[in-house]
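[1] Quick check, what structure comes out for this input:
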Amino acid sequence: MRNKVITGLVAASALFAFDFSGVTANAKASGTTPKTVRGTFYSYLGKSKWGVIKINVHSASTYTSKSGVKPKPFKISSTSKSRAHKLAYHGFKSGGRYYFSLQAQLSGAESVFPEDGFRLTSRKINGHRYKVIRGYQGGYGTDYIKGHKVRHAYSHRADASY
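    Next up, the predicted model:
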């Protein structure tokens, strides 16, 4: 009887230590981005300015480019020790659609990337189909077109009520 009680206490303490060991949902985040979301994406901001997001295997950066001005990008990487500069790719489903975040360890307001995440999709522009990542923030979605600078701002309400 005494051995059963001791075994039960050991098992309970092991479960307690495992549940509260600091492992969070962010542990599912990865330092590597999938091939499908890698590339350089552009969004037109008006007056010859472009919002640029570059996503590589272990890093991502964002900056605003303007002709004749060399931009200073905000870069995140998987090897960074700072939470603010740490790449933590995290994919999740919401409403039957697949979304992803590049800084899963930060709350949306702390990140320079769109706070409600991204979604990989495609868009038809002038008869051509382009891959885009759609960034969601503040109830609006902004399309970043892969590899092409298109002089039109593709932004819309996230609930599709234009």
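
[2] And the top strand by length along the chain, what's buried?
    In terms of residue count, the longest strand belonging to the chain (DSSP state E) is strand 128-137. Buried residues in strand 128-137, counted by 16 or more other CB atoms under 10 Å: Tyr130, Lys131, Val132, Ile133, Arg134, Gly135, Tyr136, Gln137. Yep, even glycine has a C-beta here, placed from its N, CA and C like the rest.

[3] same question, stretch 141-156
    Gly141, Thr142, Asp143, Tyr144, Ile145, Lys146, Val150, Tyr154.

[4] For the second one, what is the enclosing helix or strand?
    What that stands for is Thr142. Per DSSP states H and E, Thr142 falls inside strand 140-146.

[5] Nearest the geometric middle of this structure, what residue?
    The centroid of the chain falls nearest to Ser101 when counting by CA atoms, centre = their mean (2.2 Å).

[6] confidence score at that residue?
    Note for Ser101: predicted pLDDT of 89.

[7] what sits against Lys66?
    Contacts for Lys66 (CB atoms under 8 Å, 6 or more residues apart in numbering) come out as Ser48, Lys49, Trp50.

[8] do you know how far it is from Phe92?
    Distance check for Lys66 against Phe92: by CB to CB, to the nearest Å, it reads 34 Å.

[9] likewise His148?
    As judged by CB to CB, His148 and Phe92 stand 28 Å apart.
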